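Colleague: Got a predicted structure plus its sequence, pasted below:
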Amino acid sequence: MSRPFQLAACAEMLWRDRPMAWRVARLHEMGFGVGLWNWPDHDLAALEKTGATFTIMNGYLEERLADEEGADMLLRSALETARVGKRLGVARLNLHGTGLGEGGIPIVKAEVETGPMWLKARDTLNRICDMAEAEGVVFTLENLNLLDHPGCPFGSTAAVLALVSSIDRAQLRINLDLYHTQIGEGDIVRWCQKCLPFIGEVQVADNPGRCEPGTGEMNWPYIARALFDMGYRGPVGLEAFAQNDPETALNAFRRAFTICEK
């Protein structure tokens with residue numbers, strides 16, 4: 001038995017009746033890294049005191065990739081967030097094709113990604129990379145499914161891979177969310193193979209329900225073995241709700257990503 005991946009979990013989605021610092025400390029005690037969403041919601045000093053390892057955090061306060069005003073907003077808020085991330089030691093700062101509002105709905109929807117939008121998105125992400133290089137941080141671009149996030153531009157796994165691979169800079173990686181890939185495209189293992197050279201983090205939740213591995217249709221031990229066999233050794237983050245008890249959910253996640261020797 002081996003545990004080749006750095007396992008982490010999204011603190012916002014577990015123990016939702018508990019203070020955030022308590023959740024982060026408990027994840028750390030259980031041997032997990034920690035993912036965060038919006039840092040202004042939290043007491044940063046209290047999070048620092050936990051000693052936790054933060055693998056990923058939302059990398060902006062407001063953004064749009066594909067227009068000048070949105071790009072300028074993104075650069076301002078991403079710089080502020082990068083400096084907070086360095087304070088917490090966050091490994092990766094996460095982006096989306098556009099800012100998300102209540103319930104994950106895009107604040108500005110785009111049903112079609114036009115040629116000029118692609119060019120502007122690439123320009124914006126190159127500007128992000130320039131800033132990230134100066135600050136010594138790494139950003140990721142996450143895929144989202146359009147059932148839960150209708151109208152989100154550059155949300156598909158294919159679009160995220162196209163953008164990140166065309167830029168091909170160390171400061172921008174893919175946050176490959178396999179829950180979203182399952183809903184949007186399926187064919188999980190082959191998408192992992194295609195994205196492999198550019199993956200910064202893999203995120204997981206079972207489908208349907210967005211709960212821990214073993215609660216839905218996805219064969220997580222098979223997926224974990226496939227990631228291992230193709231050479232992935234990076235972080236895997238549980239971005240999921242607990243079907244019942246969070247610690248039971250975390251233990252199920254750990255089992256799914258523990259590799260049995262052949």
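Modeller: In hand now; what should we look at?
Colleague: Would you mind listing the residues in contact with the spatially most central residue of the chain?
Modeller: By Cα atoms, centre = their mean, the chain has its centre lying nearest to N175, at 4.5 Å. For N175, the contact set (Cβ atoms under 8 Å, 6 or more residues apart in numbering) comprises 56, 92, 94, 140-143, 200-201, 203. C-beta here means a position set from N, CA and C on the backbone, and glycine is covered the same way.
Colleague: L163: which element?
Modeller: Taking DSSP states H and E as the definition, one finds L163 inside helix 157-167.
Colleague: where does this protein dip in pLDDT?
Modeller: 261-262 (pLDDT under 70).
Colleague: which residues of it fall in strands?
Modeller: 6-10, 33-36, 54-58, 92-95, 139-142, 172-177, 199-204, 235-238 (DSSP state E).
Colleague: ok, L79 to A170 distance?
Modeller: 18 Å (Cβ to Cβ, to the nearest Å).
Colleague: which residues does the residue nearest to the centre of the chain bridge with?
Modeller: E142, E201 (DSSP bridges).
Colleague: Show me the contact partners of the helix holding L163.
Modeller: Residues outside helix 157-167 that contact it (Cβ under 8 Å, 6+ apart) are 97, 113, 118, 121-122, 125-126, 129, 141-143, 153-154, 172-174, 176, 180-181, 184-185, 191, 194-195, 197-198.
Colleague: Quick check: buried residues in it?
Modeller: With burial defined by 16 or more other Cβ atoms under 10 Å, the residues of helix 157-167 counted as buried are 157-161, 163-164, 167.
Colleague: Taking those residues together, which two end up most distant?
Modeller: T157 and I167 (16.2 Å; Cβ to Cβ).
Colleague: So L79 and A170 - more neighbours on which side?
Modeller: Between L79 and A170, L79 has the larger neighbour count (other Cβ atoms under 10 Å), namely 16 against 10.
Colleague: Test my guess that that one contacts M131.
Modeller: Yes: between L79 and M131 a contact is recorded at 5.8 Å, counting by Cβ atoms under 8 Å.
Colleague: G35 touches N58, doesn't it?
Modeller: No: under the criterion of Cβ under 8 Å, G35 is not in contact with N58, lying 9.2 Å apart.
Colleague: between the two, who's got more neighbours?
Modeller: Set G35 next to N58 and count neighbours by other Cβ under 10 Å: G35 wins out with 27 against 23.
Colleague: what bridges to that one?
Modeller: C10, I56.
Colleague: all helices for the stretch 1-150 of the chain, in order.
Modeller: Secondary structure of the stretch 1-150 of the chain (DSSP state H, counting those that start in this stretch): helices located at 20-29, 44-49, 68-88, 115-135.
Colleague: Deepest-packed of those, please.
Modeller: helix 20-29 (a mean of 20; mean count of other Cβ atoms under 10 Å).
Colleague: chain center to that helix, what's the gap?
Modeller: Per Cα atoms, centre = their mean, to the nearest Å, the displacement of helix 20-29 from the mean C-alpha position of its chain is 19 Å.
Colleague: Run through the neighbouring helices and strands of that helix.
Modeller: strand 33-36, helix 44-49 (3 or more Cβ pairs under 8 Å, 6 or more residues apart in numbering; DSSP states H and E).
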